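1. fold the following for me, if possible:
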Amino acid sequence: MTVNSLRKLSPDTRLRKIRQILLNKQRVDIAELAESFSVSEITVRRDLEKLEQHGLLQRTIGGAIPAERMAFDFNFAQRRQTRQKEKQAIAREAFKVIQPGHRLILDTGTTTLELAYLLKDLRDVTVITPSLAVASVLQFSRNVQTILLGGIFRQGSADLTGSVTENNLDMFAVDIVFQGADGIGLDGTLYNADLRLARVDQKMRQRAASTYILADSTKIGQTALVTNGYLQQVDALITDEKIEPEHEKTFREIGATVVPVAIQR
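-> Numbers count the residues shown, from 1 in each chain. You can find the predicted model right below:
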């Protein structure tokens, strides 16, 4: 981006540009920003103060560095963009089984988050979730009642977990739970990278009449720290069309239902 293209920006646009520069360079210099934006150093200091008040940066002598929250926001956005077309295709297929009046649990993860975007305009639906990201997407929807489960913040993630989350789940009975997976073994084993998440996933399935696993094909054949169940115990695995034919055949032979979906080009 040229210096001229940075000149005469609105205050809001200037703040966004500062955040982008911070993420790319991991540090900004007040004098350099003032020259680039063609504004005074006092104006830049005020911009940095606003961003610091929102927890997005930490000011230093003569400049600023990103705060942990900014790094987290960036990392989550990057994870959502990874294989996003596959995740969106899986979410669209999952959306087909939802009816007005359904009570749902949406697990944490970027694929269930894509499903949340589709639910925003669906009428008379209740969504229970431990995901701050899912709750954020649905918070202004007039037609979706959103219940955010309590729990402990998981370091580096926008979700809640632990015994409080499990106890909260005991209060509810739902029609469908949509869950992700950190890995799916070729014997149908479902894996989580975190013990607390595994316990919450098990509890979710106990509270639901139906369970759908939403996982792109890169998760198949992978393992993680903790097992939490088997594909044979859920209603279906919804994945993308890139699943290896032999893997799909193996899953069907052990009694699992697999729904591969086409990716929009």
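
2. list the contacts for Gln179?
-> Going by CB atoms under 8 Å, 6 or more residues apart in numbering, Gln179 touches Asp107, Gly109, Thr112, Asp201, Met204, Arg205, Thr211, Tyr212, Ile213, Leu214. C-beta: built from backbone N, CA, C; applies to glycine.

3. next, count neighbours for Ser131.
-> By other CB atoms under 10 Å, 24 other residues sit near Ser131.

4. is it true that it touches Asp159?
-> Yes: here Ser131 reaches Asp159: they are 4.9 Å apart, a contact under CB atoms under 8 Å.

5. need the overlap of contacts for those two.
-> Residues touching both Ser131 and Asp159 (CB under 8 Å, 6+ apart) are Thr108.

6. weed out the non-buried ones from the contacts of Gln179.
-> When the contacts of Gln179 are checked for burial by 16 or more other CB atoms under 10 Å, the buried set is Asp107, Gly109, Thr112, Asp201, Met204, Arg205, Thr211, Tyr212, Ile213, Leu214.

7. lowest-confidence one in the residues you listed?
-> Within the set of those, pLDDT is lowest for Gly109 (89).

8. could you find the closest non-adjacent residue to that one?
-> Gly180 (3.5 Å; CB to CB, 6 or more residues apart in numbering).

9. pLDDT score for the one you found?
-> Confidence score, pLDDT, at Gly180: 95.

10. now do Asn24
-> pLDDT recorded at Asn24 is 73.

11. now do the buried residues in stretch 94-108.
-> For stretch 94-108, a neighbour-count test (16+ other CB under 10 Å) marks Ala94, Val97, Ile98, His102, Arg103, Leu104, Ile105, Leu106, Asp107, Thr108 as buried.

12. contacts for that stretch next, please.
-> Applying CB under 8 Å, 6+ apart, the external contacts of stretch 94-108 come out as 112, 115-116, 118-119, 122-131, 133-134, 157-159, 169, 172-180, 197, 201, 204, 207-208, 210, 212, 214, 238.

13. those in helices, which ones?
-> Using DSSP state H, the members of the contacts of stretch 94-108 that fall in helices are Thr112, Leu115, Ala116, Leu118, Leu119, Ala133, Val134, Leu169, Leu197, Asp201, Met204.

14. and Arg46, that one's in a strand?
-> No: counting by DSSP: H, G, I helix; E, B strand; the rest coil, Arg46 is not part of a strand but helix.

15. can you give me the offset of stretch 95-113 from its chain's centre?
-> Put simply, stretch 95-113 sits 13 Å off its chain's centre (CA atoms, centre = their mean, to the nearest Å).

16. span of it from start to end?
-> Length of stretch 95-113, first residue to last, CA to CA, to the nearest Å: 12 Å.

17. show me where pLDDT drops low in the protein?
-> 1-7, 68-81, 156 (pLDDT under 70).

18. what ranges do the helices span in the chain?
-> Assigned by DSSP H, the helices in the chain fall at 3-6, 11-25, 30-37, 41-53, 68-81, 84-95, 110-119, 132-138, 163-169, 195-206, 245-253.
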